[in-house]
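K.L.:
I would like to see how this sequence folds:
(4 chains)
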Amino acid sequence: MKQATIGKKEIGKLLHAAASTYKVYAPVAEADDVRLVGLEPDMEPTLEYTNFKRSAKELFFPACELICTYENETLTEAPLPDEKFVVFGVRPCDALALALLDKVFGEFGGSRDPYYMKRRENGLVIALACLEPEDTAFCTAAGSGPAGTDGADILVYDVGKELLFEALSEKGEAFLSDYQKFLGKPGAAAKKARDRIVEKAKARAAELDLHGLKQKLERNFDSPLWKEISEICLGCGLCTYQCPTCHCFDITDEVQGRKGRRIRTWDSCQYALFTHHASGHNPRPSKNERMRQRVLHKFLYTVENLGETFCVGCGRCVRNCPVNLDLRETLKSLQGLSAQDKAKDNSGT
Amino acid sequence: MNKNDTHENTADWEPRIVAFLCNWCSYAGADLAGIGRMQYPPSVRVVRVPCSGRINPLYIVKALQEGADGVLVSGCHPGDCHYISGNLVARRKFAMLREFLFYVGIPKERVQFSWVSAAEGPRFAALIRKITEDVRKLGPNTKLAKSSA
Amino acid sequence: MKDMQEKLRAAVKTLLDKHEVAFVIGYQRGSVRGRSKPCFVRTPEQADQLIWDQTCSNNLTVYLPPLFRRPRLRPGQEPPPLPRVGIVVKGCDALSVAGLVREKQVPRANIVAIGMPCQGILDPDSKQVLPSCLDCQHPVPEQADIKIDGPAREPAKDPLARAREFEAKPIEERWRYFAEQIKKCIRCYACREACPNCYCKSCFADSTNPRWIGLSSEQSDTMLYQLGRLFHQAGRCVGCNACVRACPMGVDLHTFTTKLLKDAKELFDDTPGEDTESVPLLSTFDPHDSDAFITDPDKQD
Amino acid sequence: MNNPYIPYPVVIKDITIENDAKDLKSFTLAFERQEDADAFDYMPGQFAELSVFGYGECPIGIASSPTEPGILRFTIKRTGRLTRELHNSEIGRKIGVRGPLGNTFPWSEMEGRDVVVVGGGFAFTTLRAATTYMLDPAHRKKFNKLTVVYGARSPGELMYKDLLAQWAKSKDIDLVVTVDAGDADWKGRVGFVPAVLEQEAPASKNAVTLVCGPPIMIKFTIPVLRKLGFADRDIFLSLEMRMKCGIGKCGRCNIGRKYVCIDGPVFTYEELSDLPQEF
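P.N.:
Sure, this is the predicted structure:
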């Protein structure tokens, strides 16, 4: 099945039915927020939200991953995650983020990250196209747009009273076939509404201009602008923790008596200790360098290494920065730099 | 963290108390209790510190996280501090800490403070008996304990 | 409020014109609805970007301690001159200035505090005055060097009421609430970075030797972080609630900071931020401090 | 699929104290399983993540050469928590090793050319591996003249003393050992590595140089090498950076777009000049 529809009110039934086979993550209204949570029988999914505070990244790349345990110096490898799961309702930006993470955790550097890749294999991503993105989002400029299809297995369009499911992968198609008793054939009106959403998304003007940014970043590593931009930065790691594409991590051991475990946890390039050598030397000693690293990693290094900008424009960092240090404005001021005049300093000793 | 743990273990559960004792008074008091063969429950694990003023509030919270059911801090009586005023500075800190922990939901009996001098062996034994019984009534500490502990 | 903004700009222009300060830390219009953004104003012309309204949320004094940190000097090297800095403060921020001066982090003579009477900060989404501002007892920065006139909130009748109410709840309910708040925390440490009092060069939360706090998503570790950070503010927290406003996850730290204020006041009659001369509460003692919480095994209770 | 985060179990077979300060020790490790030993196929220049259970992992350059059968050796300076624990270890302790990681010295490029090895202090470890590899009878013919300039702060800080004595006697290698400051017993050269290198003036024609040392030595050695006529692309340096995963995922060891763990640790001076100066 390529396309199918379901009444909006029936979506709970479908997801609850799927929950007997899969672990299902769906948007549920909680006290103060709509969150993506593991669906329990007494929960009703909702479609009333713009985006989640926490991106779907953590379902594939959790904040804490067990690598191994050990006792008396004998090591036991932790089993790879084997739970099959469905995540419903992620926004296209967050789905795109998964497509980007696939590249880093996939073949980059010659080895695959077994945890992430296994979860990608086990997980089915059902994205929900945005009708109206958040005002802090810049997804069109960043490349996904409100109806972007990358990274998802199924994209769902809100076509009024119904939801129109469109399979984007074989896995997605198989899912629609498996649950076809809940689904109907899309009528002409639904298809038309779907097309309108796609057209509207396509017609959206880019929120900012990222063209030629790479060249400017390449030539402005030593620009005083970095210091200017980072002056008000508090150096908290909020932007990186909330970012759906940030993937830096730490590996540490935790011990209790003779037993211990090795875990992998999220880390942030905004922290001074991130690059602090045991000798005391730190190649990124102040927030200027750390801010520059964050921006260049996303908008230059990944472009050079993977051919992708590692920003999907979800706007979380814009919305939640405690000092309103707006990435969009940072990019705009970087765009204002010249790509020519500054000759590269090659005299380094 | 679940309740079942508590019930299952209650039968053979013995409270574990971590006692931070200052070197000059309370540790000597504990020693005296031992030399005098005074009976007190074996529930206590002593950590000797130079002064009650040396105790970082984190030690106390960390002990609870690492599996202690109760924490005792004891130093010299006010006025007797080997370092003149270490215990007096500590007193304020502990007063606020105990209040604060109680505020977030840690029963006051779990974290107790006392003064024991080098001559007070019997007082030390009585103190351990008291805190052990207080903690026994509360049951195992599940609130701040590491779930993997 | 427009009027206050004009007065502010004029005052800043004068300061910069006369070279009384190297720069002024203030607020400019933010890029997100309902938000402002800190800015460093260095020339009289730039003063026109300053704003004053109920979106001026940040406690800007967080930028002060690093400005006065002594760099490591080589033998014989003269320490660089310390800057003189202007800063826009609300009532609560002025308390922070005093707190930092009392803790010897900031030389008072190097600060020109421009005080703005405050009507309370608005939630960027709901446009309501933030709950933490409702408990404010210092809407007017009395200690400011330059006082801009304008309307201010009525000081709260009982700024500690929240702690009193919370204390009255059963212990298990309190614990549940604390645990719920902890569950929201993603340990991004925005609360720490937004706090002017969190100027430690190295934080216990980052220490690897010993490692106080595990890095996993273990709840007790998050509790340890929050308890450790909060309690490190005991007798120091002025109740500005910059931590609450910085939190992206809506963790209610306010309920807990209020308790610190309450105990400082009620147990030791200390209000951090009230003066610049006294010794911080937990760095000193009074021989007559109460022994009431001390366990006396000889006494039957 | 092998999990790249899981270390191979190894046992410490031997521990040698390398310097008078006793903060440099060499650890000889043996794999517990033969298949792991076979899988750990490395060349000098590479590094591995050493894993002490309860203390974590740290990246260390491999000091042994694959031509030394059955030996996997690391020389480690006591610096932090993990290395201190290693230094306190006894023979027989089980630890872990993950690797080999990173690139190697440019072995194919070095063939048929002169090789000048310049090392300072404790960074000589991977150079020891490289030199040992080149001196192996099976490989020596592939390379022309081999010059090694190795310096340390004081005679007591020179590592691998037995090996140095052996090399000193060998005709296959021109060895120059120097110290910054000698002592009563020191009969050898005294002088900083860059200065000694300049005096020695090894030919740069058809030559490659491998340089490892503290930043201050590198800083003064590069101009000397350039003066001697070495091209930037023939100067190979090995970098250190804080690392965690070692496989290009965790995101902390990058210098610009290059990751020290996968694109390095060996870089030419030409490559480094092209990267942001952030290391």
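K.L.:
got a list of what residue B:76 touches?
P.N.:
When the contact criterion is Cβ atoms under 8 Å, 6 or more residues apart in numbering or on different chains, the partners of residue B:76 are B:22, B:24, B:25, B:26, B:52, B:82, B:87, B:115, B:117. Glycine gets a C-beta too; all of them are placed from N, C-alpha and C.
K.L.:
So which residues on the stretch 151-300 of chain C come close to chain D?
P.N.:
If contacts are counted using Cβ under 8 Å from any Cβ of the partner chain, the residues of the stretch 151-300 of chain C sitting beside chain D are C:208, C:209.
K.L.:
How about stretch D:208-226 and chain A, touching?
P.N.:
Yes. Using Cβ under 8 Å from any Cβ, stretch D:208-226 reaches chain A at D:219, D:222, D:223.
K.L.:
a markdown table for these, including distance to chain B?
P.N.:
Conversion of the residues of stretch D:208-226 next to chain A to a markdown table gives the following (distance: Cβ to the nearest Cβ, whole Å):
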| residue | distance to chain B |
| --- | --- |
| D:219 | 42 |
| D:222 | 47 |
| D:223 | 51 |
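K.L.:
Which of those fall in helices?
P.N.:
In helices, defined here by DSSP state H, the members of the residues of stretch D:208-226 next to chain A are D:219, D:222, D:223.
K.L.:
Just the closest of these to residue A:31, please.
P.N.:
For these, the closest approach to residue A:31 (Cβ to Cβ) belongs to residue D:219, at 59.0 Å.
K.L.:
got the residue ranges for the strands in the stretch 1-150 of chain C?
P.N.:
Secondary structure of the stretch 1-150 of chain C (DSSP state E, counting those that start in this stretch): strands at C:23-29, C:36-41, C:85-89, C:111-115, C:146-147.
K.L.:
Deepest-packed of those strands, please.
P.N.:
Each of these was given a mean neighbour count from mean count of other Cβ atoms under 10 Å in any protein chain shown, and the largest, a mean of 25, is that of strand C:85-89.
K.L.:
Report the distance from that one to the chain centre.
P.N.:
Average the C-alpha atoms of strand C:85-89, do the same for its chain, and the two points are 14 Å apart (Cα atoms, centre = their mean, to the nearest Å).
K.L.:
what comes into contact with it?
P.N.:
Here strand C:85-89 makes contact (Cβ under 8 Å, 6+ apart) with C:8, C:12, C:15-16, C:20-27, C:50, C:52, C:56, C:60-61, C:63-64, C:67, C:93, C:96-97, C:110-116, C:141, C:144.
K.L.:
And the residue of the stretch 151-279 of chain D found nearest chain B, what's its pLDDT?
P.N.:
When distances are taken as Cβ to the nearest Cβ, the stretch 151-279 of chain D approaches chain B most closely through residue D:244, which lies 22.2 Å from it. We have a pLDDT of 91 for residue D:244.
K.L.:
surely it meets residue D:51?
P.N.:
No. The criterion here is Cβ atoms under 8 Å, and residue D:244 misses it with residue D:51 at 11.8 Å.
K.L.:
Common neighbours of the two, please.
P.N.:
Common contacts of residue D:244 and residue D:51 (Cβ under 8 Å, 6+ apart): residue D:57.
K.L.:
Residue D:148 - nearest residue in space that isn't next to it in sequence?
P.N.:
Closest residue to residue D:148 apart from its sequence neighbours, by Cβ to Cβ, 6 or more residues apart in numbering or on different chains: residue D:117 at 4.4 Å.
K.L.:
check contacts around that neighbour.
P.N.:
With contacts defined as Cβ under 8 Å, 6+ apart, residue D:117 is in contact with D:127, D:130, D:131, D:146, D:147, D:148, D:149, D:150, D:209, D:210.
K.L.:
what's in contact with stretch A:68-80?
P.N.:
Residues from elsewhere that reach stretch A:68-80 (Cβ under 8 Å, 6+ apart): A:66-67, A:114-115, A:118, A:258-262, D:3, D:5-7, D:9, D:53-54, D:93-96.
K.L.:
Mind checking which of these land in helices?
P.N.:
Using DSSP H, the members of the contacts of stretch A:68-80 that fall in helices are A:114, A:115, A:118.
K.L.:
dump the residue contacts of residue 56.
P.N.:
With no chain named, the answer covers chain A. With contacts taken as Cβ under 8 Å, 6+ apart, residue A:56 has the following neighbours: A:25, A:36, A:87, A:90, A:94, A:95, A:97, A:98, A:125, A:244.
K.L.:
I was thinking of chain D, sorry if that wasn't clear
P.N.:
Taking Cβ under 8 Å, 6+ apart, one finds A:251, A:252, A:253, A:262, D:81, D:82 in contact with residue D:56.
K.L.:
Repeat the analysis, applying 6 Å as the threshold.
P.N.:
Listed by Cβ atoms under 6 Å, 6 or more residues apart in numbering or on different chains, the contact partners of residue D:56 are A:252, A:253, D:82.
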